[in-house]
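**Q** take a look and give me a structure for this.
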Amino acid sequence: PITIEVYDFLPSLDADMRKADLIISHAGAGTVMEGLRLQKKLIVVINTMLMNNHQEELAEAMAERGHLLMVEKPENLDDNQTWVSFNDFEPAMYEGGDDYSFATLLDSHLGFSSDKSD
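**A** Numbering: from 1, shown residues only. Presented below is the predicted three-dimensional model:
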């Protein structure tokens, strides 16, 4: 049987995300990154109404890398092709980023040492 939980707001999504086999969500950075960190199958729906459409940029980048499936409109969730694509989808493992990459870039730009052991 399939259990579906829908809600407008929860203080934390952690418990639900951990027990989920599939996460369908908006393409917000926090939700996407948490789903990837938990190595869950993700279908994200972008919100095209946002200024500069940052959700689309993140979702497209992660979809191109094979980490998630992206749909452009909520109506596409009702499209059989979405689910055919999902059935064949095995997400690429997300290994995360380098905790020091931004600091190293900033240090380099400002002329500081790039040695992580300082």
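**Q** what about the residue positioned nearest the centre of the chain, which helix or strand?
**A** When C-alpha atoms, centre = their mean is applied to the chain, the residue found nearest the centroid is Val32 (2.2 Å). Assigned by DSSP states H and E, Val32 falls within helix 29-37.
**Q** mind listing what's buried in that helix?
**A** Residues Thr31, Val32, Glu34, Gly35, Leu36 are the ones in helix 29-37 that count as buried (16 or more other C-beta atoms under 10 Å). The way it works is simple: take the backbone N, C-alpha and C, and place the C-beta from them, glycine included.
**Q** what's around Ile46, how many residues?
**A** By other C-beta atoms under 10 Å, 22 other residues sit near Ile46.
**Q** test my guess that it contacts Glu57.
**A** No. At 9.2 Å, Ile46 and Glu57 do not qualify as touching, with contact defined as C-beta atoms under 8 Å.
**Q** I would like the residues contacting stretch 13-29, please.
**A** 5, 10, 31-32, 34-35, 38, 40-47, 54-56, 58-59, 70, 77, 86 (C-beta atoms under 8 Å, 6 or more residues apart in numbering).
**Q** can you flag the buried ones in those residues?
**A** 31-32, 34-35, 40-47, 55-56, 58-59, 70.
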